[in-house]
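K.L.:
Here is my input, please return the structure:
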Amino acid sequence: MQLAQAITMAPEGSPLVTIHLGSNRVADWGASSLGEALGKAPNLKALSLGGNKIEEWGLEGISKGLTENASITLLDLNSNRINPSSMEKLAPAIEAHPMLQVLKLGGNRVGDKGMALLAPVLGGLSSFSTLSMQENRLEVGTARLLTEAFVSSKTLVELSIPSNYLEDQGASALAGLLESNRSITHCDLGRCGFTSAGVEILSRAVKGNHVLTNLCLQGNQAGDEGATAFAEHALAPGETSLVVLHLGDNKIGVKGGEALAAAFPGNNTVTSMDVDGNKISAASTESIFQAMATNKFGF
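P.N.:
Next up is the predicted model:
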């Protein structure tokens, strides 16, 4: 890779701060070559390699580079071909790289086995703020691992794990995280297979949490029962500080829509709530939108 060669040949103290090679057909050889050069880029802050064809060998090279570079704070490896065994190299490299703040691994195949290696390491980083792991074949084991790793975190701000197989058991595991953590402001749990029972568990978990402001539960199966529980526990006056809420495509019907509408105007924090793709009545939808406009604009 010519970029790797250029980095290696650059004068000491290169001002390079960002490498963005997303969707460039970078495969293992290119990733390995780039990894070897990372030690020569002492000011590099962001390394973005999403949408490529990096597999285990290439990730090994990147991992080695992390151990030789002390400046990278953002690592984007979204949509590559990373499997669980790859974490045997990446996790120790991250552990030796305490400056990392943002990790994006969405669209890979990390699974619970890989997260068993990665989650404890991320939880031990003193400045780690953002984890993106959508579409990674994650199951209930990962929900437990994340709760254990971040329940006491004071730095994690954004947790994004949509389109995984967490189901209601995963909701139960994550409830402990949402009940106790007071740093997470954005949490994406869309399309995770939650039924009305799982949504109720999560709605009870966020009750009393005044740090979480953005919650996505889109594409689950809340139904009328889940929506009613959410309205009762998470939208009750003074119970949360939610501002943005995604409940689209949740099989919510007329009764669930009426329950959500009834939570307003008592709720004065939510200014944006997505309910598209449900079967809520026009009257309830209008009532919800009018109440949110009042919360947002004061009239």
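K.L.:
got the buried residues for stretch 203-210?
P.N.:
Judged by neighbour count (16 or more other CB atoms under 10 Å), stretch 203-210 contains these buried residues: Ser203, Arg204, Ala205, Val206, Lys207, Asn209. Placement of C-beta: from N, CA and C, glycine included.
K.L.:
Go through these and name the one nearest Phe128.
P.N.:
Phe128 lies nearest to Asn209 out of those, by CB to CB, at 20.0 Å.
K.L.:
got the buried residues for stretch 280-298?
P.N.:
For stretch 280-298, a neighbour-count test (16+ other CB under 10 Å) marks Ile280, Ser284, Thr285, Ser287, Ile288, Ala291, Met292, Asn295 as buried.
K.L.:
which ones among these are found in helices?
P.N.:
Using DSSP state H, Ser284, Thr285, Ser287, Ile288, Ala291, Met292, Asn295 are the members of the buried residues of stretch 280-298 that sit in helices.
K.L.:
could you dump these to TSV with distance to Ser23?
P.N.:
Below are these laid out as TSV (distance: CB to CB, whole Å):
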residue	distance to Ser23
Ser284	42
Thr285	38
Ser287	43
Ile288	38
Ala291	41
Met292	36
Asn295	39
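K.L.:
Turn the residues you listed into a markdown table, including pLDDT.
P.N.:
Putting those into a markdown table (pLDDT from 0 to 100) gives the following:
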| residue | pLDDT |
| --- | --- |
| Ser284 | 95 |
| Thr285 | 94 |
| Ser287 | 92 |
| Ile288 | 92 |
| Ala291 | 87 |
| Met292 | 88 |
| Asn295 | 87 |
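K.L.:
Looking at those, which one is closest to Ser63?
P.N.:
Of all these, Ser63 sits closest to Met292, with 45.4 Å by CB to CB.
K.L.:
Specify the beta-bridge partners of Ser272.
P.N.:
Val244 (DSSP bridges).
K.L.:
residues touching it, list them.
P.N.:
Val243, Val244, Leu245, Met292, Lys296 (CB atoms under 8 Å, 6 or more residues apart in numbering).
K.L.:
In a markdown table, list the residues you listed along with distance to Glu158.
P.N.:
What follows is these, written out as a markdown table (distance: CB to CB, whole Å):
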| residue | distance to Glu158 |
| --- | --- |
| Val243 | 14 |
| Val244 | 13 |
| Leu245 | 16 |
| Met292 | 23 |
| Lys296 | 22 |
